[in-house]
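>>> What would the 3D arrangement of this be:
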Amino acid sequence: MANFLRNLVENDKAELRRTGRIADQVMALEDKYKAMSDEELRAQTAEFKKRLEAGTKLDDLLVEAFAVVREADRRVLGLFPYRVQIQGGIVIHGGNIAEMRTGEGKTLTETMPVYLNALTGKGVHVVTVNEYLATRDSKEMGAVYEFLGLTVGLNLNSMSSAEKREAYNCDITYSTNNELGFDYLRDNMVVYKEQMVQRPLHFAVVDEVDSILVDEARTPLIISGQAEKSTALYTRADYFAKGLKAEEDYTIDLTSKTIALTDQGVDKAERVFRLENLYDVNNSVLVHHIDQALRANYIMLHDIDYVVDEGKVKIVDPFTGRIMDGRRYSDGLHQAIEAKENVEIEDESKTMATITFQNYFRMYEKLSGMTGTAKTEEEEFREIYGMNVVVIPTNRPVQRVDAPDQLYPSLKSKFKAVVADIKERHSKGQPILVGTVAVETSEYLSNLLTKEGIPHEVLNAKNHFKEAEIVMQAGQRGAVTIATNMAGRGTDIKLGHGVKELGGLCVIGTERHESRRIDNQLRGRSGRQGDPGASQFYLSLEDDLMRRFGSDRIKAMWERLNVTDEEMEDMAITSRFLSRQVESAQKRVEGNNYDTRKNVLEYDEVMREQREVIYSQRQQVINETDNLTDAVKGMIKRTIIREVEAVTEGDKKDWNYRGLLDYAHANLVNPEQLTLQDLEGKSAKELVETLYGTAMKVFQSKLDMLYGPEQVLEFEKVIILRVVDSKWTDHIDMMDHLRQGVGLRAYAQTNPLTEYQTEGYERFQEMIAEIEFDVTRFIMKSQIRQNLEREQVNA
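Next up is the predicted model:
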């Protein structure tokens, strides 16, 4: 391990030496471009493009292109990138991650690699975590690119397909990660090429890359359709769950966040629902509803995992504290929470298309990112995305003082100390940013401050629309701001007049997060660009992290103090041992989370391969400009072969000719076109030839009824795409159930992942056969309208 860490440090040093040499070359061109007029500087873009077309490599243009953008930044924004920012830009251009501290100008840094890569004309996507930042950066940084003659687009959720298409066709497109992923899925559900909005995925620069590619990696983007199911069972299961007693009827494992009925709980369920055996296979649906009702009532916490807003249950992002609009828990959990909260229970949805951020962003030809905190997850970035993390030095030394953690015995005593600290600092006018892990905590602390008469702002999932405005004011004299997690990422906190003399911005953490990165992000809000600052974390033995992973050795420390309960209540422990224990607990959680994300990716790899096959074949159908007749004929023939094989097993005397005739009448031809005499006595090969020959005559007669090749293509295209989409949707659903089911097979000494891969492949082959069967049936049995227009095929 020591050698591994030593190698990482050496690699970082070598990379900084390399990028430093290139940065010096960029800076050496400063006077050359400074002397140019605006028109001359703008003309460099056309010159670079001409050289690219002549065969010059993008890397060979880096020094000049970076120097040009640097000068454009100075003229348009009044900002001139430092040497370290040039180094960050070089790292980003190389398809890696630049770790730059808060306030070091990440947004300015990206202008250089974004411009260089946009010269190819293939499109660069600048990815942000929310639409406020995408809009802000597209206007501010977009002015630089437009000054240099490039086009800039902004892609928002509210836009029409035409507006989105225009945005994606620009040289540079600003968008959120959610919108990019959903647009990709929607593009693979359209029937016509002109309905698509995205171009091939070329180069992406992901801002706050750790938030998107690590924290949200497990969150699938899902496009759903409604699946009708009764809500009564959710209500009954919820009523049952609410009547249960902890430990007697159910048990909870806090570490894994799992819950299960005890034997007594099972007996109670059998009495309430009048069953002989709760776990009889016929009761599997009820068991599922009870499981979700238990999770909803005793694991999912109001104002922490979700909020209820205007009669709707909305998920809270555990990493940002923001409401995740449009997202719903899957597998009936959302409905179970709706039953718990006594709001309208919405129908379960059926997944029509889905992808994780891990798999979406890995499709880019080149991927890079920037953030203030990524080094702790370097192994994950390298293994999953093939990106290295390079820590860029700060332009000025960090002046922030990070005080050691203080541990209190209870939540009450901890918050008493937090309020006292805030009160003292506020009396001097020092601005304070208080970080909380949950909405509930922010509101609790807000009430305490209100009682003390301390004016403050609260930023959490319930008022995220004021986010940027609140964060921007957090550095002013006397400001007290409570923020849930890292709400407000991407917005700089600038110190007000006279604040430096007061010690700068003080950051107070009210508990440690599971991830060290989130704690580092909170700390990093203070001490930007060499400003003074301070940070202090307050912990208690009742904090979630300490309850789940805090060692008994920490609790033993209190017992050895030999003080009364009253004295202990106001005491705090501060020691290096404590810091090591907290970091150890965080590392264990991070390790667990990484293993989970890796496991998700291994399972999702199966779906990725299948999705790429379906989407690429779909693309071929959409892009076809001549006809799909040969492809349709192939489907018809393969379907006939499969049906013939099914009825011709065993001795010839046992062959089911009648069954084959019934199939043909139902799916291929009319009764008068094929009789039993046409089939009886023939070999399997002859049966295929007879059925296929007859089917081809019917098929050709249908094509003859259409007006020319354009309508033939339309007829074939619409049917194929409709069938593929329908079967693919069912397949996604089936694979989801398969994935949940294979976990139980671990008890049978089999590897769940191997089982999932094997069965998933078999089910995929079955789906392909079903697609060909349905395309054959719809093509052969469809009624042709003489006025056929787009999407007017009656199947």
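>>> Quick one: name whatever helix or strand follows the lowest-mean-pLDDT helix or strand in the chain.
One helix or strand of the chain scores below all others by mean pLDDT, DSSP states H and E: helix 565-569, with a mean of 65. Sequence-wise, the next helix or strand downstream of helix 565-569 (DSSP states H and E) is helix 576-623.
>>> dump the residue contacts of residue 446.
For residue 446, the contact set (Cβ atoms under 8 Å, 6 or more residues apart in numbering) comprises 456, 458, 482. All C-beta atoms are positioned from the backbone trio N, CA, C, and that covers glycine.
>>> Narrow the residues you listed to those in strands?
Residues of the contacts of residue 446 located in strands (DSSP state E): 458, 482.
>>> Among the contacts of residue 446, which one has the most neighbours?
residue 482 (26 neighbours; other Cβ atoms under 10 Å).
>>> Now do that one, the pLDDT please.
Residue 482 carries a pLDDT value of 92.
>>> and if you look at the one 5 residues further on?
Model confidence at residue 487, expressed as pLDDT, equals 50.
>>> still on that earlier bit, from the contacts of residue 446, pick the one nearest residue 696.
Closest approach to residue 696 among the contacts of residue 446 (Cβ to Cβ): residue 458, at 71.7 Å.
>>> sorry, back to before: of the contacts of residue 446, just say which sits nearest to residue 615.
Looking across the contacts of residue 446 and measuring by Cβ to Cβ, the closest to residue 615 is residue 458, at 44.0 Å.
>>> Mind listing the residues bridging to the closest one?
Counting by DSSP bridges, residue 458 is bridged to residue 482.
>>> got a list of what it touches?
Applying Cβ under 8 Å, 6+ apart to residue 458 gives the contacts 442-443, 446, 481-482.
>>> For those residues, give me a markdown table that also has distance to residue 475.
Formatted as a markdown table, these follow (distance: Cβ to Cβ, whole Å):
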| residue | distance to residue 475 |
| --- | --- |
| 442 | 19 |
| 443 | 23 |
| 446 | 20 |
| 481 | 9 |
| 482 | 15 |
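>>> what two of the residues you listed are the furthest from one another?
Greatest spatial distance in the contacts of residue 458: 443 and 481, 14.2 Å, computed using Cβ to Cβ.
>>> Who has more neighbours out of the two?
residue 481 (23 against 16).
>>> So the more buried one sits against residue 470, correct?
Yes - between residue 481 and residue 470 there is a contact at 6.2 Å, judged by Cβ atoms under 8 Å.
>>> Overlap of the contact sets of these two?
457, 459.
>>> So what's the predicted local confidence for residue 752?
For residue 752, the pLDDT comes out at 85.
>>> That should have said residue 439, apologies.
pLDDT at residue 439 comes out at 85.
>>> The stretch 601-750 of the chain: helices as residue ranges?
With helices called from DSSP state H, counting those that start in this stretch, the stretch 601-750 of the chain shows them at 629-647, 657-667, 684-704, 708-742.
>>> So which of these is nearest residue 151?
Smallest distance to residue 151 across those (Cβ to Cβ): 31.9 Å, for helix 708-742.
>>> With only the CA atoms kept, save the strand or helix carrying residue 521 in CSV.
Using DSSP H and E, residue 521 maps to helix 516-523. Taking C-alpha atoms only, helix 516-523 is exported to CSV below (Å, rounded to 0.1, in the frame of the first residue of the first chain):
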residue,chain,number,x,y,z
ARG,A,516,-14.5,12.5,3.5
ARG,A,517,-15.0,14.3,0.2
ILE,A,518,-18.2,15.9,1.3
ASP,A,519,-16.5,17.2,4.5
ASN,A,520,-13.6,18.5,2.4
GLN,A,521,-16.1,20.3,0.1
LEU,A,522,-17.6,22.0,3.1
ARG,A,523,-14.2,23.0,4.4
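>>> pLDDT on that helix, on average?
86.
>>> what do you get for stretch 547-564?
67.
>>> if I look at residue 712, how far off is residue 637?
19 Å (Cβ to Cβ, to the nearest Å).
>>> quick one: which of those two has more around it?
residue 712 (21 against 17).
>>> distance of the more buried one from residue 634?
The spacing between residue 712 and residue 634, counted by Cβ to Cβ, is 16 Å.
>>> And for residue 345?
For residue 345, the distance to residue 634 - Cβ to Cβ - is 46 Å.
>>> go on, residue 379?
Using Cβ to Cβ, residue 379 is found at 46 Å from residue 634.
>>> Next: residue 291.
In terms of Cβ to Cβ, residue 291 sits 45 Å off from residue 634.
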